[in-house]
Structures are given as C-alpha cells and as structure tokens.
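Q: the following comprises the amino acid sequence and a computationally predicted model.
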Amino acid sequence: MKNIMLVCVAGMSTSLLVSKMQKSANEQNLEAEIFAIAESEVDKTLANKNVDVMLLGPQVRYLKGTYQSKYKEKNIPIEVINMMDYGMMNGANVLKQALELIG
C-alpha cells in the first residue's frame, strides 16, 4: 500500500487530480491511498499518518524547502507536481512521479 499525499492551498483543487491518480492506480492493480489536504493540515496529518511521498501543488511550491527541513527526520520525498501535468489533470503522470520518488 502506497500512501500519497497531495498538498494544495485548500485541499480542493487537487481533488479531481486525486480521482484521476486513483483511477490510474486501479488500472495498474496498485494498492494506493491517494489523498489531498490543505497546507494548513500538513502538521496534523503527518503527526497521525505515515505517508510515502508528499506532492505539492504548483501554487504551494514555495513551501517545499520549509517542509523538507521540518520533516527531514521522516525521510519523506517531497516534490512539486509538474505544472503541465497539474494543469492538464494528468493523473497517470502524477502517479508515475509519485512512484518514482518512492522508489
């Protein structure tokens, strides 16, 4: 089971992307929990849940360095979602990016 967390301003704009990523995961018979949260919920979520990768929406890309420092001990790969894939809501490509980061 892969736990993939997407972070955006309010947790809303990524909901469609989550659906498309989940569809792609299902097509690949990949067990994954993919969810989106608001950046204001990151601390609370990571205190209660283990995640394998954190993907940031392009609109919160400025938080990457902060999160990398803050959660360094958790060893969570943190990356910004490719702007083109985000804009096109390309769930397959974003899932591929997440899986590559997980390794």
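A: On my side now, so go ahead.
Q: average pLDDT across the strand or helix carrying residue 6?
A: Remark: residue 6 resides in strand 2-8, with elements defined by DSSP states H and E. Averaging the model's pLDDT scores along strand 2-8 yields 96.
Q: and for stretch 37-54?
A: Per-region confidence: stretch 37-54 scores 96 on mean pLDDT.
Q: which residues does residue 17 contact?
A: By C-beta atoms under 8 Å, 6 or more residues apart in numbering, the contact list for residue 17 reads 6, 36, 81, 86, 89, 91, 94. From N, CA and C alone the C-beta is placed, and that goes for glycine too.
Q: what is the orientation angle of the strand or helix carrying it with strand 2-8?
A: Using DSSP H and E, residue 17 maps to helix 15-27. With axes from the mean of the first three to the mean of the last three C-alpha atoms, to 10 degrees defining the directions, helix 15-27 sits at 160 degrees from strand 2-8.
Q: which strands and helices sit next to the next helix or strand after helix 15-27?
A: Stepping forward along the backbone from helix 15-27, the first helix or strand reached (DSSP H and E) is strand 32-38. Strand 32-38 sits against strand 2-8, helix 15-27, with contacts defined as 3 or more C-beta pairs under 8 Å, 6 or more residues apart in numbering; DSSP states H and E.
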